[in-house]
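Q: output the structure for:
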Amino acid sequence: MTETFRAIRLVKTEGGQETRFVDLTADDLMAGDVTVRVDYSTVNYKDGLALTGGAPVVRVWPLTPGIDFSGVVETSSHLEFSPGERVALNGWGVGETHHGGFAQKARVNGDWLVKAPPGLSNAQVMAIGTAGYTAMLAVLALERHGVSPEKGEVLVTGAAGGVGSVAIALLHKLGYRVVASSGRGQTQGAYLTGLGAAEIVDRAELSGPGRPLGRERWAGVVDAVGSHTLVNALAQTRYGGAVAACGLAQGMDLPGSVAPFILRGVTLAGIDSVMRPKTDRVEAWARLARDLDPAKLEAMTATATLDDVPALGAAIVEGQVRGRVVVDVNR
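A: Residues are numbered from 1 along each chain as shown. Sure, this is the predicted structure:
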């Protein structure tokens, strides 16, 4: 009897797209030299856009979405991976052009995989997921541009989301004074301070049109929002500071001025997590295993099943998901 496994499939329809739960076989998987028995996935903002059709994330139909997964190698012809090894995947077009992590099995190019850090379980790896891995890449960018705790405060925008939550916890552990920008400060204030935020500012202070230059405040910024929020964060960044831009929750536009760059020497560092070279991925995951407080990771994490994913996709796009969600694809 042919073995089957459960998966989500997005199917293109005349009216747009449809989400289906299906039983598949290995013949339904795409080409690759490593087959993984998936343990966990997660729901990121991009997954929400794919699931809701809110942006043209999916470019191959039908497709299993899910840009992340962690699991155990089942079969491999790749020299770096052997059956039984724990692995993780973030990005590389998985969940966009290649079947992704919202399934009990995945077959991918082994070059896209990293070995799961010894200090993190497969569930913890997906509690971090692309959002947390992106946050770590942003923190690394700030460090490389000279932002250190003694230089001053670091602003984290979209603070109650996945990237923001992990960024706050990481920066706090590393000794920075973190200021969290959120539209959910009244309801999530205790959550944000529990992760390590020293102060919370309302996102309305940053989300409207602002001046080319504002009062210098931030030594560094981790921005997951874009648009006016990013522009205002740049305008308030101190001389020689750096801003790591990694998201577009408010918008893809950048309605600002060159003033912060040419008058204050501010660096705008773009953070791409999808096509990041493997050496950077390995470094980021090693730092996450070392610098992310497991108790804080647990505090920001909720659990879900594969059946919960469509509703979670809609909720994350609406800004209704706090922190991180681990999806147990086998429940």
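Q: SS state for the residue nearest the centre of the chain?
A: In the chain, the residue lying closest to the centroid (Cα atoms, centre = their mean) is residue 131, at 1.5 Å. Assigned by DSSP: H, G, I helix; E, B strand; the rest coil, the conformation of residue 131 is helix.
Q: quick one, helices of the stretch 151-300 of the chain?
A: 162-173, 185-195, 227-235, 259-264, 278-291, 294-299 (DSSP state H, counting those that start in this stretch).
Q: how about the residue nearest to the centre of the chain, what does it touch?
A: By Cβ atoms under 8 Å, 6 or more residues apart in numbering, the contact list for residue 131 reads 42, 44-45, 161-163, 165-166, 324. (C-beta placed from N, C-alpha, C; glycine too.)
Q: ok, and the most crowded of those residues?
A: Within these, most neighbours by other Cβ atoms under 10 Å means residue 163, with 33 neighbours.
Q: how much space between the nearest residue to it once chain neighbours are set aside and residue 121?
A: Leaving aside its sequence neighbours, residue 163 sits nearest to residue 224 (Cβ to Cβ, 6 or more residues apart in numbering; 4.3 Å). Distance from residue 224 to residue 121, counting by Cβ to Cβ, to the nearest Å: 26 Å.
Q: which of the two has more residues huddled nearby?
A: Shown here are residue 224 and residue 121; by other Cβ under 10 Å, residue 224 has more neighbours (29 against 15).
Q: one step back: out of the contacts of residue 131, who's nearest residue 66?
A: Of all the contacts of residue 131, residue 42 has the smallest distance to residue 66: 8.1 Å, by Cβ to Cβ.
Q: what's the angle from the worst-scoring helix or strand of the chain on mean pLDDT to helix 162-173?
A: In the chain, the helix or strand scored least confidently by mean pLDDT, DSSP states H and E is helix 185-195, which has a mean of 90. Between helix 185-195 and helix 162-173, the angle comes out at 40 degrees (axes from the mean of the first three to the mean of the last three Cα atoms, to 10 degrees).
Q: thought residue 147 was touching residue 219?
A: Yes. Counting by Cβ atoms under 8 Å, residue 147 touches residue 219, with 5.3 Å between them.
Q: more neighbours: which of these two?
A: Neighbours per residue, other Cβ under 10 Å: of residue 147 and residue 219, the larger number sits with residue 147, 27 against 24.
Q: just give the closest residue to that one, not the sequence neighbours.
A: In space, residue 147 is closest to residue 220, 3.7 Å off (Cβ to Cβ, 6+ apart).
Q: list the contacts of residue 102.
A: 7-8, 41, 64-66, 95, 306, 309, 327, 329.
Q: now it: how far from residue 24?
A: 12 Å.
Q: which neighbours do these two have in common?
A: residue 7.
Q: which parts of this protein belong to which domain?
A: 5-116+300-328, 130-270 (automatic domain parsing).
Q: what are the boundaries of the strands in the stretch 201-331 of the chain?
A: Using DSSP state E, counting those that start in this stretch, the strands of the stretch 201-331 of the chain run over residues 218-223, 237-245, 267-270, 301-305, 324-328.
Q: what's the most buried one of the ones you listed?
A: strand 218-223 (a mean of 29; mean count of other Cβ atoms under 10 Å).
Q: who does that one touch, helix- and strand-wise?
A: If you count contacts as 3 or more Cβ pairs under 8 Å, 6 or more residues apart in numbering; DSSP states H and E, strand 218-223 packs onto helix 122-144, strand 154-156, helix 162-173, helix 227-235, strand 237-245.
Q: what lines up beside that strand in the sheet?
A: When pairing is defined by DSSP bridges, strand 218-223 lines up against strand 154-156 (parallel), strand 237-245 (parallel).
Q: run the angle between the longest one and helix 227-235 for me.
A: So the one you mean is strand 237-245. Interaxial angle of strand 237-245 relative to helix 227-235 (the same axes, to 10 degrees): 140 degrees.
Q: just the CA atoms of strand 237-245, as PDB, please.
A: Provided in PDB are the C-alpha atoms of strand 237-245 (Å, rounded to 0.1, in the frame of the first residue of the first chain):
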ATOM      1  CA  THR A 237      18.600  57.800  14.300                       C
ATOM      2  CA  ARG A 238      21.700  59.200  15.900                       C
ATOM      3  CA  TYR A 239      24.900  60.200  14.000                       C
ATOM      4  CA  GLY A 240      26.600  57.100  12.700                       C
ATOM      5  CA  GLY A 241      23.800  54.900  13.700                       C
ATOM      6  CA  ALA A 242      22.300  52.000  11.700                       C
ATOM      7  CA  VAL A 243      18.800  50.800  10.800                       C
ATOM      8  CA  ALA A 244      18.100  47.200   9.800                       C
ATOM      9  CA  ALA A 245      15.100  47.000   7.500                       C
END
